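Undergrad: Take a look and give me a structure for this.
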Amino acid sequence: MKKIVIVSSKDRNAVYAQLPKHLRSIPFVPFNLGPSGGDSESSPFSWDSISNLFMSYDHIIIFYPLYSNDQLHQGKEKHLWELLLLLFWKGALTYRKTLSLYKNKSIIPLEGSFPLDTEFWTEQKEDLTKAGKSLKSVTSIQKIPISKDYSAEKWASIYFRWLHTFTKKVITIKDYGSVFPFRVVGAPPPLLVLKKNDSIKEKDICEFVIQGGFLNKESSSEKPLGRFWFVVSPDKKFLYTALIHFKPALPWFVYLLSQGWIHGLVMKRFGSYVLKLSNR
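TA: Now for the predicted structure:
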């Protein structure tokens, strides 16, 4: 007998209230941080969480839409939806499981090629990040047109080199195998430390765990939730870059006026650089 599960970023009661009676007995897994910023019953958006889901169930039904409930959201919600749906679609292909979408009282099988036009997206009347949002956590999403057929890891390497140049070599990023500390020249403690998830075999997906650094509130956590993603669309026309579930160590109002604002600017500049690189 096939094991079926419903996943959503919405509250369990809100989801079940909209489901027909015959679907309310299906197990439910929330994909968000929970209002407290890391609830034990919730699954954060990480490749490990998605992999565990597909290893545990045969048929995953996404209750539309998926979104990050981080307090600060930079970028378009539609682009985040595209990225999250793409990660689940890749999970279904990797583990040879069934993926469907529940929307408008219908179960829609997601088979074959990825729906790049995201015909399933409709603009939300509510601000998704306001519903049960996780306090003092950050999502930043960018969708960048590309013409180079590079792997996601290659794009990450390009970003690291570009950031070094963009900051006039003030910030250095060293490659220690799978660990990448970000340092200011002359200051030994790293700003951030990223660790590449080497368990991912998909060349179009590169995930970094934000595991250290004095700008990271989770620097002492055994299981940090913050992620930095580089994901290439199946048609090789777009690069998604995303910071998800990041928890800054700076006081929140200070972060909003400094690191948070700077990150948004940096990623916009990187998008412009990628466009120029693609046009060469």
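Undergrad: Tell me where the model's unsure across the protein.
TA: Along the chain, the parts satisfying pLDDT under 70 run over 33-41, 113-134.
Undergrad: any idea how far residue 16 is from the residue nearest the centre of it?
TA: When CA atoms, centre = their mean is applied to the chain, the residue found nearest the centroid is residue 244 (4.9 Å). From residue 244 across to residue 16, the span is 26 Å (CB to CB, to the nearest Å). Bear in mind the C-beta positions are built from the backbone N, C-alpha and C, glycine included.
Undergrad: What count of nearby residues applies to the closest residue to residue 163 other than its chain neighbours?
TA: Spatially, and ignoring its direct neighbours in sequence, residue 163 is nearest to residue 171 (6.1 Å; CB to CB, 6 or more residues apart in numbering). Residue 171 is flanked by 18 other residues according to other CB atoms under 10 Å.
Undergrad: can I assume residue 171 is in contact with residue 181?
TA: No: in this structure, residue 171 is not within contact of residue 181 by CB atoms under 8 Å, at 10.5 Å.
Undergrad: so what's the residue nearest to residue 163 up against?
TA: Shown in contact with residue 171 (CB atoms under 8 Å, 6 or more residues apart in numbering): 163-164, 182-185, 191.
Undergrad: buried sites along stretch 242-261?
TA: Residues 242-248, 250, 255, 259-260 are the ones in stretch 242-261 that count as buried (16 or more other CB atoms under 10 Å).
Undergrad: Now the terminal residues of it, how far apart.
TA: Chord length of stretch 242-261, first to last residue, is 15 Å (CA to CA, to the nearest Å).
Undergrad: got a list of contacts for that stretch?
TA: Applying CB under 8 Å, 6+ apart, the contact partners of stretch 242-261 are 33, 37, 44-45, 68, 70, 72, 74-75, 80, 83, 134, 136-142, 210, 214-219, 225-229, 231, 263.
Undergrad: With stretch 177-193 instead?
TA: Stretch 177-193 is contacted from outside by 160, 169-174, 194-196, 198, 208, 210-216, 219, using CB under 8 Å, 6+ apart.
Undergrad: If anything else comes up later, I'll come back, but that's it for now.
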